[in-house]
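Engineer: give me a model of this one.
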Amino acid sequence: MTETVNPETDLTLSRIIRAPRSAVWNAWSDPASFARWWVPAPARCKVEKMELRPGGALVTRISEDGGAFQPHLDACFLAIDEQERIVFTNALTGGWRPADQPFMTAIITLREHPQGTDYAAHVMHKSKAERDMHEEMGFHDGWGTVARQLAELVEPAERPALKSA
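Structural biologist: Take a look at the predicted model:
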């Protein structure tokens, strides 16, 4: 299924991650790994729930400046296509329950690429005003930073070239 991007209401981000798609998938599906990259450092993330199935909850908390953990994301997975696609929304909470303040739905796709994984995030909003607000909040910097952190977590470390004698 190919999603159509509406520039009036959607924001997108993509990058090539130089790691196998299975490594990127594991970083998305393992709560301990997910907590390591999901929020821009130096903030910290705690995963309270990650039920990777349609209707399952995704609940994260954030600690900025070393303070107490505060609410960050309370969402519901809509679709899970193993190693290919994750769709979640904060319009619903786990168990398909309506959320108090819906804001966005995100589609994360992982595609094979000759250099590793083509990683893409497509984030949809109900209005242009909400899209613009998310962009002004720093969507590209924030989602770009976490995509970089994800890449740093899963990409193999570069080995220094051997010096010849």
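
Engineer: quick one: contacts of stretch 51-68?
Structural biologist: 29, 35, 38-39, 42-50, 69-80, 86, 88, 93-96 (CB atoms under 8 Å, 6 or more residues apart in numbering). For glycine as for every other residue, the C-beta is placed from the backbone atoms N, C-alpha and C.

Engineer: hmm, which of these are the buried ones?
Structural biologist: Using 16 or more other CB atoms under 10 Å as the burial test, those include 35, 38-39, 44-45, 47, 50, 72-78, 80, 86, 88, 93-94 as buried.

Engineer: now do the longest strand that the chain contains: which elements does it pack against?
Structural biologist: Using DSSP state E to define each element, the chain has its longest strand at strand 70-81. With contacts defined as 3 or more CB pairs under 8 Å, 6 or more residues apart in numbering; DSSP states H and E, strand 70-81 has these neighbours: strand 57-63, strand 85-89, strand 92-93.

Engineer: each with direction, which strands does the shortest one pair with?
Structural biologist: Paired with strand 92-93 in the same sheet, following DSSP bridges, are strand 97-98 (antiparallel).

Engineer: can you check the second one too?
Structural biologist: In the sheet, strand 85-89 lines up against strand 70-81 (antiparallel), strand 105-113 (antiparallel) (DSSP bridges).

Engineer: contacts for the first one?
Structural biologist: I take that to be strand 70-81. 39, 45, 51-64, 85-97, 99, 105.

Engineer: could you check the angle that strand makes with strand 57-63?
Structural biologist: Orientation check (axes from the mean of the first three to the mean of the last three CA atoms, to 10 degrees): strand 70-81 against strand 57-63 gives 150 degrees.

Engineer: show me how far strand 70-81 is from its chain's centre.
Structural biologist: Its chain's C-alpha centre and that of strand 70-81 lie 10 Å apart, by CA atoms, centre = their mean, to the nearest Å.

Engineer: tell me the buried residues in stretch 127-135?
Structural biologist: Of all the residues in stretch 127-135, those buried under the rule 16+ other CB under 10 Å are 131, 134.

Engineer: now it: mean pLDDT?
Structural biologist: In this model, stretch 127-135 carries a mean pLDDT of 97.

Engineer: same question for stretch 152-163.
Structural biologist: 73.

Engineer: what's the longest helix seen in the chain in contact with?
Structural biologist: In the chain, with assignment by DSSP state H, the single longest helix is helix 139-154. Here helix 139-154 makes contact (CB under 8 Å, 6+ apart) with 11, 13, 15, 17-19, 23-24, 26-27, 33, 36-41, 119, 121, 123.
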